[in-house]
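Participant: Take this sequence and fold it.
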Amino acid sequence: MLIDSHAHLDNERFNEDQTQVIARCEEKLTAVINVGYDLVSSGRSVKLADSYPFIYAAVGIHPHDAKEAPEKYLEQLRKMAEHPKVVAIGEIGLDYYYDLSPRDIQKKVFREQLQLAKELNKPFIIHDRDAHGDIMQILREEAPYPAGGVMHCFSASWEIAQECMKLGLYISLAGPVTFANAGKLKDIAEIVPLDRLLVETDCPYLTPVPHRGKRNEPAYVQYVVDHVARLKNMDAQELAQRAAENTIRLFGLPIKPMADG
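Facilitator: Coordinates of the predicted model:
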């Protein structure tokens, strides 16, 4: 059992061979969560989920796109979230690396979507780049989160990971954990509890070794699993199984976990 908990199969880099990429997903993976970043991509994500039984959707406004969010964007997200295969609000959060939207607008849109997720009793998917302090402040202020959430492509400290887990959130690891210069992230991967771990690709971005520099795709989540399993000194199949069970639990996927043994 292998699940990519965060993908962008609707990205334009898949325009020419999306069908073939999805066929490879279907061959190797149990499920894929396709994640929106604005209203248009969220709509595409719902359409993909409607078209393929093993694909599920998340809908949300990325911090890059926060400044473009229309006045009634929450109503549109709420309507999309009624679809039975929309399993989360995301990706949402803050990005102070690119600062493509003013920070006050990023924080406003992030907080509003956290509140929407709570209203709908759905988990959320957080994007956090160079904004750890403000992310944690908002998360503390808006807690608790009965439906949970995930820190997507985790990049912060172990101390922040611990605080996130205390809030009921999961820690998701992606391609960067395979990079040679990812010392701190490798340390976190080694000690993060198995019951709080998800794996993802964030494709088409952040391609893991040995395909780094090329376009990423969901099937490559196996490389993330293999690397994290080596760091934890455990069987890769067991790690994939545990991460898949966590993904099924968090997002309420209608998939029956495999029996032990």
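Participant: Now do the buried residues in stretch 89-100.
Facilitator: Buried positions in stretch 89-100, judged by neighbour count with 16 or more other CB atoms under 10 Å: 89-96. To be clear about C-beta, it is placed using only N, CA and C from the backbone, and glycine gets the same treatment.
Participant: Equivalent analysis for stretch 71-84, please.
Facilitator: For stretch 71-84, a neighbour-count test (16+ other CB under 10 Å) marks 73-74, 76-77, 80-81, 83 as buried.
Participant: Tell me which helix or strand Ile61 sits in.
Facilitator: Under the criterion of DSSP states H and E, Ile61 resides outside all helices and strands.
Participant: Quick check: pLDDT value at the residue lying closest to it once chain neighbours are set aside.
Facilitator: Excluding the flanking residues, the one nearest Ile61 by CB to CB, 6 or more residues apart in numbering is Ala69, at 5.0 Å. The model reports Ala69 with a pLDDT of 97.
Participant: right, and Ala69 touches Lys108 too?
Facilitator: No. Using CB atoms under 8 Å, Ala69 is not in contact with Lys108, being 9.2 Å away.
Participant: Tell me which of these two has more neighbours.
Facilitator: Per other CB atoms under 10 Å, whichever of Ala69 and Lys108 has more neighbours is Ala69, with 21 against 14.
Participant: which ones are touching that one?
Facilitator: Ala69 makes contact with 38-39, 61, 109, according to CB atoms under 8 Å, 6 or more residues apart in numbering.
Participant: can you map out the strands along the chain?
Facilitator: 3-7, 31-35, 55-59, 86-95, 124-129, 149-151, 169-173, 197-199 (DSSP state E).
Participant: Let's have these in TSV, adding mean pLDDT and distance to Ala23.
Facilitator: Shown next, in TSV, are the strands of the chain (pLDDT from 0 to 100; distance: least, CB to CB, whole Å):
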stretch	mean pLDDT	distance to Ala23
strand 3-7	98	14
strand 31-35	98	12
strand 55-59	98	12
strand 86-95	98	22
strand 124-129	98	25
strand 149-151	98	27
strand 169-173	98	25
strand 197-199	98	21
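Participant: now for those, which one comes closest to Ala244?
Facilitator: Comparing the strands of the chain by their distance to Ala244 (CB to CB), the top pick is strand 3-7, with 4.5 Å.
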